[in-house]
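Engineer: compute the structure for the input listed below.
(2 chains)
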Amino acid sequence: MSPAVLRLKRRPDFLRVAASGRRWVTPGLILQARRQPTGVANDAAASAVRIGFTVSRKVGNAVARNRARRRLRAAVERVVGVHARGGQDYVVIGRAGTLRRPFCALVADLEAALRRLDSYCPDRPDDDTARPPA
RNA sequence: CCAGACGGCCGGAUGGCCGCCUUCCGUGCGCGACAGCGUGGCGGGGGGAGGAAAGUCCGGGCUCCACGGAAACACGGUGCCGGGUAACGCCCGGCGGGGGCGACCCCAGGGAAAGUGCCACAGAAAGCAAACCGCCCUGCUUCGCUCUCACGAGCUUCGCGGGGUAAGGGUGAAAGGGUGCGGUAAGAGCGCACCGCGCCCCCGGCGACGGGGGCGGCACGGUAAACCCCACCGGGAGCAAAACCGAAUAGGGACGACGGGCCGGCUUGUCCGGCAGGCGCGUUUCCGCGCUGUCGUCCGGGUUGGUUGCGCGAGGCGUCCGGCAACGGGCGUCCCAGAUGAAUGGCCAUCUCCUCUGCCGCUCCGGCGGCGGAGGAACAGAACCCGGCUUACAGGCCGUCUGGCACU
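Structural biologist: Here you go, the predicted structure:
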């Protein structure tokens, strides 16, 4: 089953994912992920994926930032719905390379980042605090 | 055909696959008091960034706050004239000055006889008339020459003194009108002509101003993006405005219950005031400031959030009329983005254009044509809305006009 994909819009959510979530850096993008807090996920959206985008001023002017966010969104539409694990919050961060990188490489970057972050907690979708500290 | 001036317009095109926001219609689901309400279910139709959306520099609408009216003062802005406009510092048409062979372009363009200030460097002198080198006259002295028998006279060199002058030299951004002729010892508006300047009158123009005439020998330098004067305009803040709905927590108020050391007051209530105690802060003592226990109910304010504000408008397009134009008016027609971690797109293919490059052919050796390859596609993203200004911008199209060259 493919989980529902919701948009992350609140600033506290972004700060929470950035503060203690896991991250992986690729040439085209940076992916951050964290398990959703238990109070947020009700029964209907228990397996939903929530995702947010961050493109800072370092990428360029407003036109460049819009284009970077749209390419990232298009890549997310292809990848996240089928491959991402539910119950997680993700934040995709645009970089300077997001604009110049070929689209297929951008998709591959996202898949690789997802695989890399999933491997940190392969079999415990509901509990990431019980991980042994590194 | 070449070079140029001005004005207007466009801002890659087509197709395929997958999406986003909004709106309408149909339908499903849920809740219902059977009025309806909710819906991030489904299907279909419509719409969806710019000429600058930008900078946030002016002018407005709109919202809140302040304000009895008017005037004055202060502060800020504007500054040739006449129009346009809701308004403007914008636009149009003129005037004046400057530039260009020309089409055209540029101008912070009110007042310097209201007052104050400043004019560096250079220069003799920078604002009130003066005089450094000169030029001229003259007195004395001096070197010589000529004439004379002689006394002397004339010319001349060096120097000192008295006077005249502002033509010339030189300095400067600027030196008390300019050019020419006359005039003079040399000169000078000293005189005259023209030009400039000032005043007066007449004519044309709504006006800025222009044209003509007369008078005046010329007085009145520049700087107002120095203060200033004059005329006109101007309340403040801004959609994070403002209105509404409204959790959780902390704090505020009222009421009730329980609990409160001492003193004082009386309207004797477990009412009011004070002190002590406790806690916190300022560095400790002194001293000062703030708060006074617990629970419950209610009220007001109010942050995150949500809704409204929020798009029928100084609106777009077409056409006719008035006007040189900016623009105004009539008629017809259209509804044309409303996001809010922020929609309006992502990917692919073909075409178009530009740059580099490989091969072949032609060549007047500057290049041109054909077939390929690689890279690139300007500036830039609505955020309450309009009117302007300014700045950025690959490439292209259209029109009018000017100056050349060639041909008929």
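Engineer: quick one: residues contacting the residue nearest the centre of chain A.
Structural biologist: For chain A, the residue lying nearest the average C-alpha position, counting by C-alpha atoms, centre = their mean, turns out to be residue A:90 (3.0 Å). Residue A:90 makes contact with A:8, A:17, A:31-33, A:49-52, A:80, A:84 under the criterion C-beta atoms under 8 Å, 6 or more residues apart in numbering. Placement of C-beta: from N, CA and C, glycine included.
Engineer: 7 Å instead?
Structural biologist: Contact criterion C-beta atoms under 7 Å, 6 or more residues apart in numbering gives A:31-33, A:49, A:51, A:84 as the residues in contact with residue A:90.
Engineer: next: residue A:49.
Structural biologist: Listed by C-beta under 7 Å, 6+ apart, the contact partners of residue A:49 are A:3, A:5, A:80, A:84, A:86, A:88, A:90.
Engineer: those into CSV, with extra columns for secondary structure, pLDDT and distance to residue A:109?
Structural biologist: Formatted as CSV, the entries for these read as follows, by DSSP: H, G, I helix; E, B strand; the rest coil; pLDDT from 0 to 100; distance: C-beta to C-beta, whole Å:
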residue, secondary structure, pLDDT, distance to residue A:109
A:3, coil, 56, 21
A:5, strand, 73, 18
A:80, helix, 79, 13
A:84, coil, 77, 14
A:86, coil, 74, 21
A:88, strand, 80, 18
A:90, strand, 86, 14
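Engineer: of these, closest to residue A:26?
Structural biologist: Using C-beta to C-beta, the shortest approach to residue A:26 within the contacts of residue A:49 belongs to residue A:90, at 13.8 Å.
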